[in-house]
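1. Sequence first, then the predicted structure:
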Amino acid sequence: MQERFDAAFLFGQLGNLADALGEGWSVEDNYAWAIGDESRLTLPLPGGRARYRLRLTVRPWVHPGRCEAQRLEFATSAGPLASFNLDRQTTIELALPPEQTSGRRDIALILRHPDAFRPSDVKPINDRRLLSLCFMSGALQREREDANSVAAPDCHLIIAGDDQATQIAEIIGRLPALRRRVRCHLVAAGQPNGAMLRQVDAASGAVVCWQQVGMDAATRSTLRHIVPAGSDVRRFPAPRLNALWPFQAPDNRLLPESGRYSGGRYPFGDRIGASLANLPFPDDVLLLAYHNMAEKELPDLGAGLAGDAAAWRKLDESCDVTIADFILDNLLHQRLFFAPPSPTGALLRHMILQLLAGSPLQQCCDQATLTQELDFLLTGYLGRRVELPIHPLVARHFRLGWWQPDMRYRWHGNRFTYDEYALYYLRWMPWRR
């Protein structure tokens, strides 16, 4: 029997999704390449109340010896949906969350593809796009209604906060041991949460709430309306590390650029670099001037770390999750931050284990299994794939055991040495082409 679809999609300029593609696409006539490490797709919906599955025909960009398969993850602002590892053209399928499709005309999807590389890296051609996967066509299929197909969860977990809360929600949502027993809801700061609130309001089972400290008033008000009295409520911090990046400062060149850099090209300003911007020096002279100024103006790094430690201890006083001693004990021999506000998997693991300890979530599965799954998931964790390079003077001062002089840092789809990143920043060069 022929399958029936509620909607069919064709990628490319000649298709019907040209207006649905946001950042992270390179569109050709009959298909569209997902470029860089993240793409946005606002998928049209019929607007009905049914549950839908999305099918997509995709071809990965692979090359023997360079990349044997492409990873692809789908998510929404509320958390992850599905992940794939593709080594050939295939049709993939994923269920769309009903709370974000019912009665709506579109759904905003986030596609993450961390293995992009340039054709010019492996072939004698002048194509410097960071290609990952080629999207050709797709379809929406209505799922059959089955009242017994989805069991009610044992526990509802509400995670509230900004980017760090989003990362924790994504991690929890990908733990197999909790997937069918715990329903995770993200209250993202500044985002509408109406559908999620109605779902939690009618929820059965225990309710656990993890709140990031320092949330805005609107998010706190949202939580007061949906978290039942007697719920297991725990507060967690969003720590920063400033001492490893002592030249942080605003840069007046940082402006949103629609279509490629919605948050600006280089969100972490550098006062030394900003002071040398637009000087007509050759690259080697400009880098030499930058390093000379950095050496002369290097602040008291010990005092900077002491300031960070004081801030962490203050957070410990207001949170159920403590971090200060863990960071100070491990900072020099274990990488704990990718950038000032961005913890690595090691620090996130430390925080998540404290949030889980003694909570109703632990009753949903075996603790050893949960820890094993968490360790597996966070091995090689790259967060938002933004690693702010550390100046060699700073690394040597602190004697960072995990740092190497020739270390390369992931900047979205790029891998820069410190000097390469510094020169790109000094010239304010586009890193996504």
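-> The structure has been received and is ready for your questions.
2. Which of the residues in stretch 373-383 are classified as buried?
-> Residues 373-374, 377-378, 383 are the ones in stretch 373-383 that count as buried (16 or more other Cβ atoms under 10 Å). In short, each C-beta sits where N, CA and C put it, glycine included.
3. And stretch 166-176, by the same measure?
-> Quick answer for stretch 166-176 (16+ other Cβ under 10 Å): 166-175.
4. Past the longest helix along the chain, which element shows up next along the chain?
-> Counting residues, the longest helix in the chain under DSSP state H turns out to be helix 301-318. Sequence-wise, the next helix or strand downstream of helix 301-318 (DSSP states H and E) is helix 324-330.
5. okay, that following helix in CSV with CA atoms only?
-> The C-alpha coordinates for helix 324-330 follow below in CSV (Å, rounded to 0.1, in the frame of the first residue of the first chain):
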residue,chain,number,x,y,z
ALA,A,324,34.7,25.9,44.3
ASP,A,325,36.8,23.1,45.8
PHE,A,326,36.3,20.9,42.8
ILE,A,327,37.5,23.6,40.4
LEU,A,328,40.5,24.6,42.5
ASP,A,329,41.6,21.0,43.0
ASN,A,330,41.4,20.1,39.3
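6. Which strands or helices does that helix pack on?
-> If contacts are counted by 3 or more Cβ pairs under 8 Å, 6 or more residues apart in numbering; DSSP states H and E, helix 324-330 sits against helix 301-318, helix 345-356.
7. same thing but at 6 Å, please
-> helix 301-318 (3 or more Cβ pairs under 6 Å, 6 or more residues apart in numbering; DSSP states H and E).
8. hmm, back to that, tell me the gap between the longest helix of the chain and the middle of its chain.
-> Between the centre of helix 301-318 and the centre of its chain there are 26 Å (Cα atoms, centre = their mean, to the nearest Å).
9. same deal with stretch 352-367?
-> The answer for stretch 352-367 is 24 Å, by Cα atoms, centre = their mean.
10. Dump the longest helix of the chain to PDB, restricted to CA.
-> Output in PDB follows, covering the C-alpha atoms of helix 301-318 (Å, rounded to 0.1, in the frame of the first residue of the first chain):
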ATOM      1  CA  LEU A 301      47.100  36.300  37.300                       C
ATOM      2  CA  GLY A 302      47.200  35.000  40.800                       C
ATOM      3  CA  ALA A 303      44.900  37.800  41.900                       C
ATOM      4  CA  GLY A 304      42.600  37.100  39.000                       C
ATOM      5  CA  LEU A 305      42.300  33.400  40.100                       C
ATOM      6  CA  ALA A 306      41.700  34.500  43.700                       C
ATOM      7  CA  GLY A 307      38.800  36.700  42.500                       C
ATOM      8  CA  ASP A 308      37.300  33.800  40.600                       C
ATOM      9  CA  ALA A 309      37.600  31.500  43.600                       C
ATOM     10  CA  ALA A 310      35.800  34.100  45.800                       C
ATOM     11  CA  ALA A 311      33.000  34.200  43.200                       C
ATOM     12  CA  TRP A 312      32.700  30.400  43.200                       C
ATOM     13  CA  ARG A 313      32.600  30.200  47.000                       C
ATOM     14  CA  LYS A 314      29.800  32.900  47.000                       C
ATOM     15  CA  LEU A 315      27.900  30.700  44.500                       C
ATOM     16  CA  ASP A 316      28.400  27.700  46.800                       C
ATOM     17  CA  GLU A 317      26.600  29.600  49.600                       C
ATOM     18  CA  SER A 318      23.500  30.100  47.400                       C
END
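11. Show the secondary-structure elements that it is packed against.
-> When contacts are defined as 3+ Cβ pairs under 6 Å, 6+ apart, helix 301-318 sits against helix 324-330.
12. Flag every buried residue along the helix it packs on.
-> Of the residues in helix 324-330, those buried by neighbour count under the rule 16+ other Cβ under 10 Å are 324, 326-327.
13. now do stretch 303-319
-> Residues 304-305, 308-309, 311-312, 315-316, 319 are the ones in stretch 303-319 that count as buried (16+ other Cβ under 10 Å).
14. List just the nearest of those to A238.
-> Distance to A238, by Cβ to Cβ, is smallest for L315 among the buried residues of stretch 303-319, at 8.4 Å.
15. who touches that closest one in this structure?
-> P237 (Cβ atoms under 6 Å, 6 or more residues apart in numbering).
16. And the one 3 residues further on, by the same measure?
-> By Cβ under 6 Å, 6+ apart, the residues touching S318 are V213.
17. And it, how far from R235?
-> Counting by Cβ to Cβ, to the nearest Å, the separation of S318 from R235 is 7 Å.
18. what do the two both touch?
-> Contacts common to S318 and R235, judged by Cβ under 6 Å, 6+ apart, are V213.
19. On the pLDDT front, check the residue nearest to the spatial centre of the chain for me.
-> Centroid-nearest residue in the chain: R384, 3.7 Å away (criterion: Cα atoms, centre = their mean). Reading off the confidence values, R384 has pLDDT 75.
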